[in-house]
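Q: got a sequence here, can you build the structure:
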Amino acid sequence: YRSRSRGNLITGLYAPAGEVIKIELSAKDLAETGGLTVYIGQVLVNGSANNIWLARDFNRMPYIANSMSVQQETAYVGSFLGGPVYIAPNTAGAEFSVTISGAVAYSHYIHGYTTEEEFERNSASSAPYFDLEVWDDGVRHSGPKARAERFDYDELADAALSLIHI
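A: Numbering: from 1, shown residues only. Model prediction:
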C-alpha cells in the first residue's frame, strides 16, 4: 500500500461475522507505519462510522463498525457483525505491505487501480457489500452489493469520472 495524507484504505476484503482476522506486518513495515488502525464495518474514509440511518426510520443497530489498533507484527481482530476491512497507517505517507488472513474478497471498484479482471472476479463474491472509490480524492460510496450489481466495470468507471469532475 501507498497511503495518502489522510483517511483509511480499502483492502477489498470482507470479514465474515464473528470470524477472527489475522493481520501481519514485517518489523520494517510496522516501524514505517507506526502501527495500523483496522476498521471492520461501514466506515467513511475518515474512519467515522457511517451512521446515516440514524436520521431514517430503520430498525437497526446504531453502530455497525469496530476500530482496532495493531501495534505488533501479528495481531488478531474481528467483529461480531462482520463487514468490509479497511486499514489506516498511523504514519501518513507510509509505503507498506500487510497480509490479512481469514477474510474474503468482496465486490469493489477503486478508480485507477481495480482492473476489469479483478472487478469481475470479486463480483462473484458472496459478501453482501460494495465500495466505489476515487482513491486520489478520498471519495467513497459504499453500500449493499445488491444495489451495485446492475452496473458493469465501464459504468462504474464513468461514475467515478463524474465524481472527479464535480
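Q: was I right to think R147 contacts Y129?
A: No - under the criterion of Cβ atoms under 8 Å, R147 makes no contact with Y129, lying 10.3 Å away. C-beta here means a position set from N, CA and C on the backbone, and glycine is covered the same way.
Q: which one of these two is surrounded by more residues?
A: Remark: of R147 and Y129, Y129 carries more neighbours, 20 against 10, as counted by other Cβ atoms under 10 Å.
Q: list the contacts of E73.
A: E73 is in contact with E24, L25, S26, A27, L30, counting by Cβ atoms under 8 Å, 6 or more residues apart in numbering.
Q: what does the lowest-mean-pLDDT helix or strand in the chain rub up against?
A: Taking mean pLDDT, DSSP states H and E as the measure, strand 139-144 is the helix or strand of the chain with the lowest mean score, a mean of 87. For strand 139-144, contacts defined as Cβ under 8 Å, 6+ apart pick out 10, 42, 44-45, 50, 84, 128-134, 163.
Q: now do the SS call for G47.
A: coil (DSSP: H, G, I helix; E, B strand; the rest coil).
Q: grab the nearest non-local neighbour of it.
A: Ranked by Cβ to Cβ, 6 or more residues apart in numbering and with sequence neighbours excluded, the top spatial neighbour of G47 is N8, at 5.6 Å.
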